[in-house]
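> 3D, please:
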Amino acid sequence: MVFGRLLERTGRGFIVMSVLAWLTGCSGTDVLNALGRAPHYQSATDIAYGQHPRQTLDIYSPRSDANGCTVMFVYGGSWDSGKKEQYGFVGAALARKGYTVIVPDYRLYPEVTYPAFVQDIAKAIASEKVQNLLAGKPLVLMGHSAGAMIAGLISYDPEYLQAEGLSREQIARYISLAGPHDYFLPTEKPQWTRIFGEDQNRQVDALTVNHIHPNNPPTLILHGADDETVTPKSALSLEKKLREARVEVTQKTYEGVSHVKLVAAMGRPLGFLAPTTEDIDTFLQPLCAE
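Numbering: from 1, shown residues only. Just a heads-up that it's a prediction; the model follows:
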C-alpha cells in the first residue's frame with residue numbers, strides 16, 4: 001500500500017519498485033547504483049586491507065576537487081549479509097558533494113562472531129591505503145543499521161583503534177543511520193545470541209550507549225519514525241546519553257521514513273524519501289570546508 005501511494009504521488013514507479021525489490025530480497029541496489037552512476041565515481045576497487053577475501057574496500061572519489069574529508073561508510077545486514085558493491089549509490093551521492101568515500105567489506109557470521117566484524121573495520125582504517133589517503137585529513141565514520149553499531153563502537157570505544165596502533169582521535173565525526181544502539185539485546189533472537197554469545201556482559205559491551213565519554217566525536221543521528229527494524233527510541237537514547245556527557249550531537253527523526261528508506265533516499269532519484277544526504281552534508285560542512 002505504501003508503495004502504491006508513492007507510485008501515484010511521484011510517477012517514478014520503476015525507481016520506487018527497485019526499493020520494493022530490495023525489501024523483498026532482490027537487489028534493487030543495482031538500479032540505484034546505475035541511476036546514481038556509481039561506477040563513474042569509483043577510483044579504486046577491491047583494495048585488500050587484510051588477508052581474508054572479504055577484507056577489501058572500494059573508494060569513490062569526487063570528479064573535481066575534494067572538500068577535505070573522507071567518509072568511511074559501513075553497511076548493515078544483521079552482521080550476516082551484505083557486500084560493498086550494493087552501496088555504490090552511497091559512495092556516489094557523497095562523492096557528488098565533494099567527499100572521498102570508502103566502502104569496506106568485512107567478515108560475517110557464521111564465519112565469525114562479535115567482535116571480529118568490528119575489528120575488521122578498525123583494521124581497514126589502519127591499512128596503509130586508507131592512512132595514505134587520509135594524509136592527516138579528517139575521517140568521518142558512518143554506518144547504517146548493523147553497520148552503524150560497528151561504526152559507533154569504533155568511534156566511541158578506543159580499544160579497537162588502539163589494537164591497530166591508532167588513537168580514537170582518528171575519528172573526527174560519527175554518523176548513525178538507523179543504528180541499534182540501545183533497546184537491543186542478543187537474547188531477543190536466537191540468531192543474535194549465536195552472533196554475540198550468551199555472556200550478558202559481552203552483550204552489553206556491544207551496545208554503543210555503554211561507551212559514551214565526553215571526548216566522543218561530534219555525532220549525527222538520523223532515524224526514520226516508521227522504522228520497525230530498529231526502534232526510533234534507540235536513537236533518542238543515544239542522543240540523551242551524549243547530551244548528558246556534553247558531546248556535540250544532532251538528532252533528526254524523519255516522519256514517514258522506514259529503516260530501508262532512510263539509506264535508499266541517498267540514491268538518485270529517491271531523495272524525495274528523506275533529506276538524508278543533505279543533512280549529512282550540512283553536518284559535515286563546518287569540518288570539511290576548513
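
> so when I look at Ile59, I'm seeing a strand, right?
Yes: assessed with DSSP: H, G, I helix; E, B strand; the rest coil, Ile59 lies in a strand.

> looks like it contacts Ile47 (just checking).
Yes: counting by C-beta atoms under 8 Å, Ile59 does reach Ile47; the two are 7.0 Å apart. Heads up, the C-betas are built off the backbone N, CA and C, glycines and all.

> with neighbour numbers in mind, choose between the two.
A count of neighbours by other C-beta atoms under 10 Å puts Ile59 above the other of Ile59 and Ile47, at 21 against 18.

> give the bridge partners for the more buried one, please.
Going by DSSP bridges, Ile59 is paired in beta bridges with Ala44, Ile102.

> could you measure from it over to Leu32?
19 Å (C-beta to C-beta, to the nearest Å).

> again with Ala116
Distance, Ala116 to Leu32, by C-beta to C-beta: 29 Å.

> do the same with Pro180
Pro180 is 23 Å from Leu32, where distance means C-beta to C-beta.

> same check on Val90?
Noted for Val90: a distance of 9 Å to Leu32, by C-beta to C-beta.

> more neighbours: which of the two?
Of the pair Val90 and Leu32, Val90 is the one with more neighbours under other C-beta under 10 Å, namely 31 against 28.

> list the contacts of the more buried one.
By C-beta atoms under 8 Å, 6 or more residues apart in numbering, the contact list for Val90 reads 73, 75, 101, 103, 263, 266-267.

> pretty sure Gly76 sits against Ala151.
No: with contact defined as C-beta under 8 Å, Gly76 does not reach Ala151; the gap is 10.1 Å.

> shared neighbours of those two, anything?
Residues touching both Gly76 and Ala151 by C-beta under 8 Å, 6+ apart: Gly143.

> sorry, back to before: export the contacts of Val90 to TSV and tack on neighbour count and pLDDT?
Putting these into TSV (neighbours: other C-beta atoms under 10 Å; pLDDT from 0 to 100) gives the following:
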residue	neighbour count	pLDDT
Phe73	28	98
Tyr75	25	98
Val101	27	96
Val103	26	98
Val263	31	96
Met266	26	95
Gly267	30	90
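
> for this protein, which segments count as helices?
Using DSSP state H, the helices of the chain run over 2-10, 13-23, 29-35, 88-95, 116-126, 128-134, 146-156, 159-162, 190-196, 200-205, 233-244, 259-264, 276-288.

> which residues touch Arg54?
Contacts of Arg54 (C-beta under 8 Å, 6+ apart): 105-108, 120.

> restricted to strands, list those.
In strands, judged by DSSP state E, none of those are found.

> let's see if you can find the most crowded of those.
Of these, with other C-beta under 10 Å as the count, Tyr106 tops at 28 neighbours.

> residue contacts, it?
Residues in contact with Tyr106 (C-beta under 8 Å, 6+ apart) are 54-55, 74, 117, 120-121, 124, 150.

> what pLDDT does the model give it?
Listed pLDDT for Tyr106 reads 98.

> one more: Leu185?
For Leu185, the model assigns a pLDDT of 71.

> do the same with Ala289
On the pLDDT scale, Ala289 gets 82.

> residue contacts, it?
Each residue near Ala289 by C-beta under 8 Å, 6+ apart is listed here: 67-68.

> and it, how far from Gln170?
Distance, Ala289 to Gln170, using C-beta to C-beta: 20 Å.

> where does the prediction get shaky in the stretch 151-290 of the chain?
The stretch 151-290 of the chain contains residues with pLDDT under 70 at 186-187, 290.

> show me how far stretch 228-237 is from its chain's centre.
Here stretch 228-237 is found 15 Å from its chain centre; the criterion is C-alpha atoms, centre = their mean, to the nearest Å.

> give me the contacts around that stretch.
145, 176, 178-184, 209, 221-225, 251, 253, 258-259.

> what residues of it count as buried?
230-232, 234-237 (16 or more other C-beta atoms under 10 Å).

> swap in stretch 273-290?
Neighbour counts over stretch 273-290 (16+ other C-beta under 10 Å) mark 273-277, 279-281, 283-284, 287-288 as buried.

> next: stretch 209-219.
Buried residues in stretch 209-219, counted by 16+ other C-beta under 10 Å: 209, 211-212, 216-219.

> do stretch 119-135 as well
Those would be 119-127, 130, 133-134, for stretch 119-135 by 16+ other C-beta under 10 Å.
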